[in-house]
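Engineer: what follows is a predicted structure for the sequence shown.
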2 protein chains.
Amino acid sequence: MYEKDLNIPMLLDFYGELLTEKQRDTMLAYYEDDMSLGEIALQNQITRQGVRDSIKRGEEQLRNYEERLGLVARMQETLVKVSKIKEKIEEIKEINSKTSMVLDINSRANDILSTIDEISY
Amino acid sequence: MYEKDLNIPMLLDFYGELLTEKQRDTMLAYYEDDMSLGEIALQNQITRQGVRDSIKRGEEQLRNYEERLGLVARMQETLVKVSKIKEKIEEIKEINSKTSMVLDINSRANDILSTIDEISY
């Protein structure tokens, strides 16, 4: 079994459109639809080894794009900051509930949490 | 004078590494160092028209990358949400100052504002 790289789905999401359509389809079949090398080979009428090589090449290209552009890393930095914001908001809610029960503050804190939940990579 | 597209600096920041080094340098000279077409031409010993064509081609490539990948748009959506968070935090600070003067809440709100200021595209 060819080992999956857990970073690939995110790289594929960011840079997949820079691959050829055929290569992207193969990568998606393997990484998103969770098809086996054998199943992909059968579907495309190529050898299992051919599929494996194609996926390996695709992975290299994706890693190379990230090395040059670093946009996944940039988004991940943002997400780290966003999760810090989330922690602080939870603290505000807790302090508020213990001290003054100011509902206006809680309602805003909840709005912020909903907004944060909408932010994804 | 060739008209500058104000979206190009951000596209250049995201996708500049996908251009050739020469083309990227030309685009940076024009868009970041604010050199004129004539100055860039002189420096590279090509015609002014050659510089202009090269910049136009670079712009098209950058727009094409954004059309395919949409990563600038994605980051901009995040920034819109982040600015909503910022507004709400300012509201929390205001309510807090009017009602209960809970310093713990203000200190957390200020932490969040600092974190938000660190998030950029």
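Structural biologist: Yes, it's here. Numbering: from 1, shown residues only, chains lettered A, B, ... in the order given.
Engineer: what sits against residue A:44?
Structural biologist: A:26, A:51 (C-beta atoms under 8 Å, 6 or more residues apart in numbering or on different chains). (Each C-beta comes from the backbone N, C-alpha and C, glycine too.)
Engineer: now do it, the pLDDT please.
Structural biologist: Residue A:44 is assigned a pLDDT of 91 by the prediction.
Engineer: repeat that for residue A:85.
Structural biologist: pLDDT, read off for residue A:85, is 79.
Engineer: against residue A:119, how distant is residue A:10?
Structural biologist: Per C-beta to C-beta, to the nearest Å, residue A:10 is found 15 Å from residue A:119.
Engineer: tell me which residues in the lengthiest helix in chain A are buried?
Structural biologist: Criterion DSSP state H: the longest helix present in chain A is helix A:71-99. Residues of helix A:71-99 classed as buried by neighbour count (16 or more other C-beta atoms under 10 Å in any protein chain shown): A:71-72, A:75, A:78, A:81-82, A:84-86, A:88-89, A:91-93, A:95-96.
Engineer: just stretch A:37-50 next, same as before
Structural biologist: Buried-residue list, stretch A:37-50, by 16+ other C-beta under 10 Å: A:37, A:40, A:41.
Engineer: tell me the contacts of the first one?
Structural biologist: What it means is residue A:37. A:2, A:30, A:48, A:51, A:52, A:55 are the contacts of residue A:37 under C-beta under 8 Å, 6+ apart.
Engineer: now, those residues that are in helices?
Structural biologist: A:30, A:48, A:51, A:52, A:55.
Engineer: may I ask which two of those are separated the most?
Structural biologist: A:30 and A:48 (11.8 Å; C-beta to C-beta).
Engineer: one step back: out of residue A:10 and residue A:119, which sits in the busier spot?
Structural biologist: residue A:119 (19 against 15; other C-beta atoms under 10 Å in any protein chain shown).
Engineer: domain ranges for chain A?
Structural biologist: Structural domains assigned to chain A are A:8-69, A:73-118, following automatic domain parsing.
Engineer: which one of those domains lies nearest to residue B:24?
Structural biologist: Smallest distance to residue B:24 across the domains of chain A (C-beta to C-beta): 11.2 Å, for domain A:8-69.
Engineer: span of that closest one from start to end?
Structural biologist: Domain A:8-69 has its terminal residues 15 Å apart, counting by C-alpha to C-alpha, to the nearest Å.
Engineer: any weak-confidence spans in chain A?
Structural biologist: Within chain A, the ranges that satisfy pLDDT under 70 run A:1-2, A:96-107, A:118, A:120-121.
Engineer: the closest residue to residue A:35 other than its chain neighbours: neighbour count?
Structural biologist: Of all residues not flanking residue A:35 in the chain, residue A:29 sits nearest, at 4.5 Å (C-beta to C-beta, 6 or more residues apart in numbering or on different chains). Neighbours of residue A:29 under the rule other C-beta under 10 Å: 19.
Engineer: got a list of what residue A:29 touches?
Structural biologist: Residue A:29 neighbours (C-beta under 8 Å, 6+ apart): A:35, A:39, A:40, A:43.
Engineer: secondary structure class of residue A:6, three-state.
Structural biologist: Secondary structure state of residue A:6, per DSSP: H, G, I helix; E, B strand; the rest coil, is coil.
Engineer: do residue A:35 as well
Structural biologist: Classified using three-state DSSP, residue A:35 is coil.
Engineer: how close does it sit to residue B:60?
Structural biologist: 37 Å.
Engineer: then residue A:71?
Structural biologist: 20 Å.
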